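Colleague: return atomic coordinates for the entry below.
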Amino acid sequence: MVLDRYIAKTVISGCLLACFIMVSIFAFVDYVAQLSDVGTGDYGAWQAVVFVALRLPQRLYELSPSILLLGGILSLGALAANSELIVMRASGITPLRITRSVLQTGLFIAILVALLGEYIVPSATRTAKTYRAEAIEKKLIVGGSSDIWARDGNRYINVKRIMPDHQLRHIRVYELDDNRQLSSIIYARHAKYVDGEWLLKGIKRSDISTSGVETTFKKQMKLKKLLLLELFSVLELESKDMSAYELLTYSDYLEENNLDNAEYLLSFWIKIFTPLTCLAMLLIAMPIVFATTPRSGGAGQRVVIAVVIGIIYFVINRAVNHLGLAMNVTPFLSASIPLILVTLISFYFMRRVN
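Modeller: Modelled structure (predicted):
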């Protein structure tokens, strides 16, 4: 329908403008924060620019609810200020019908946000952190978006994934003899730093000699040296940087080992609810838009309203999340309560729209 296409174009244009403004501001702030490390190792001003650019998907994902709120208020508020919404309603189009068109567009954007958080953010974040670590430490060779290579004398270590709490997944250790020939390959499903040494589990060892290859299997083995602990501070992914699948898998692993998984389970549910929060932010923008008239103020006033609402939601959301962890509230409830509150408030004010 023509109305749906027009509203979709308007909302998307407003969200793109809001995206450019907010991402630009936060990118500048992130770049300034990196200046303290410029000059360390090979980490220069250009490397800081690349690092910040690679972190933009994470920033975009974190800011997506605020972007939709600001974009929706700006774009649809402009329609109201230009009397276009009045003309629509005078033509028999109800506020509910207009809201439905807005939410249809919001659903499309929410799907893009979900895909961004699940596939692009984890990969881009790993690439950013390994790129920065390689420049600062000058000890890493990055073989891809997640592969980490490190050298320890005649040993070369390849780690597919670095997890929180000094844990590694899918490790291969290549050992060379004095003639620089490959002498053995050790594969481990996962490893953890415990009591001053690395405990590897799920071992497959292949010893190579002139007579052939001898393969042995072990449940576990210990190594004094594997990966520098100092690298964890720059390579370790935070829970907010992990995909929903990784969070759920790691949370299950912690639960199986009788460890606290509340933080990662909470991050998992936040990942699930973030796209829905984007829709809720568009919904809460609608009463503000319908209250806008040609005499009710310019775009500046609407921007202030959007910023205030965004800040209030951010504070309440963080407070509820942290209180939930401190009080052992179910992560599902901690993640969903702010979304439920925003949705209920939106429905309440929408009912008051004539």
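
Colleague: pLDDT weak spots in the stretch 151-300 of the chain?
Modeller: Within the stretch 151-300 of the chain, the segments meeting pLDDT under 70 span 165, 227-237, 292-300.

Colleague: what about the helices in it?
Modeller: 232-235, 244-256, 262-290, 299-326 (DSSP state H, counting those that start in this stretch).

Colleague: deepest-packed of these, please.
Modeller: helix 262-290 (a mean of 23; mean count of other Cβ atoms under 10 Å). Backbone N, C-alpha and C define where each C-beta goes, glycine included.

Colleague: show me where the protein has its strands.
Modeller: 141-142, 148-152, 155-163, 167-176, 182-194, 197-209, 212-223 (DSSP state E).

Colleague: make TSV from these and add mean neighbour count and distance to L17 to it.
Modeller: Putting those into TSV (neighbours: other Cβ atoms under 10 Å; distance: least, Cβ to Cβ, whole Å) gives the following:
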stretch	mean neighbour count	distance to L17
strand 141-142	14	35
strand 148-152	18	39
strand 155-163	18	37
strand 167-176	18	41
strand 182-194	17	45
strand 197-209	15	50
strand 212-223	11	53
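
Colleague: so which of those strands is nearest I272?
Modeller: strand 155-163 (20.4 Å; Cβ to Cβ).

Colleague: packing partners of that closest one?
Modeller: Judged by 3 or more Cβ pairs under 8 Å, 6 or more residues apart in numbering; DSSP states H and E, the packing partners of strand 155-163 are strand 148-152, strand 167-176.

Colleague: columns distance to A319 on top of these, output as JSON lines?
Modeller: Converted to JSON lines, the helices and strands packed on strand 155-163 look like this (distance: least, Cβ to Cβ, whole Å):
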{"stretch": "strand 148-152", "distance to A319": "36"}
{"stretch": "strand 167-176", "distance to A319": "30"}
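
Colleague: for the residue lying closest to V49 once chain neighbours are set aside, list the residues it contacts.
Modeller: Spatial nearest neighbour of V49, excluding adjacent residues (Cβ to Cβ, 6 or more residues apart in numbering): Y31 at 6.8 Å. Residues near Y31 by Cβ atoms under 8 Å, 6 or more residues apart in numbering: 48-49, 52.

Colleague: wait, which of the helices of the stretch 151-300 of the chain is closest to R205?
Modeller: helix 244-256 (23.7 Å).

Colleague: show me what that closest one is in contact with.
Modeller: Here helix 244-256 makes contact (Cβ under 8 Å, 6+ apart) with 117-118, 122, 163-164, 239, 242, 260-261, 264-265, 267-268, 271-272.

Colleague: one more pass at 10 Å, please.
Modeller: 114, 117-119, 122, 161, 163-165, 167, 169, 190, 237, 239-243, 259-272, 274, 331 (Cβ atoms under 10 Å, 6 or more residues apart in numbering).

Colleague: just want the angle from that helix to strand 182-194.
Modeller: 70 degrees (axes from the mean of the first three to the mean of the last three Cα atoms, to 10 degrees).

Colleague: pLDDT on stretch 26-37, on average?
Modeller: Stretch 26-37 carries an average pLDDT of 92.

Colleague: can you name the residues that contact the spatially closest residue to A114 that is not a sequence neighbour?
Modeller: Leaving aside its sequence neighbours, A114 sits nearest to P275 (Cβ to Cβ, 6+ apart; 4.4 Å). Contact partners of P275, counting by Cβ under 10 Å, 6+ apart, are 64-65, 106-107, 109-117.

Colleague: same thing but at 8 Å, please
Modeller: 110-111, 113-114, 117.

Colleague: gap between it and Y245?
Modeller: From P275 across to Y245, the span is 15 Å (Cβ to Cβ, to the nearest Å).

Colleague: repeat for F332
Modeller: Per Cβ to Cβ, F332 is found 17 Å from Y245.

Colleague: what's the answer for G153, then?
Modeller: G153 is 36 Å from Y245, by Cβ to Cβ.

Colleague: check F217 too.
Modeller: 28 Å.

Colleague: P95 now?
Modeller: Applying Cβ to Cβ to P95 and Y245 gives a distance of 39 Å.

Colleague: got the helices of the stretch 151-300 of the chain as CSV, with distance to S209 columns?
Modeller: Formatted as CSV, the helices of the stretch 151-300 of the chain follow (distance: least, Cβ to Cβ, whole Å):
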stretch, distance to S209
helix 232-235, 35
helix 244-256, 36
helix 262-290, 44
helix 299-326, 53
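
Colleague: for L259, grab phi and psi.
Modeller: L259 has phi and psi values of phi -110, psi 160 when expressed as degrees, to the nearest 10.

Colleague: returning to what we had before: mind checking which of the contacts of P275 land in helices?
Modeller: Judged by DSSP state H, the subset of the contacts of P275 located in helices is 110-111, 113-114.

Colleague: pick the one among those closest to L17.
Modeller: V113 (17.0 Å).

Colleague: the closest one: neighbour count?
Modeller: By other Cβ atoms under 10 Å, the residues close to V113 number 23.

Colleague: go ahead and confirm it touches Y61.
Modeller: Yes. Between V113 and Y61 there is a contact at 6.6 Å, judged by Cβ atoms under 8 Å.

Colleague: between those two, what contacts are shared?
Modeller: T274.

Colleague: contacts for stretch 181-197 next, please.
Modeller: So stretch 181-197 is contacted by 165-177, 198-209, 221-224, 226, 229 (Cβ under 8 Å, 6+ apart).

Colleague: what about that stretch, distance to the chain center?
Modeller: 30 Å (Cα atoms, centre = their mean, to the nearest Å).
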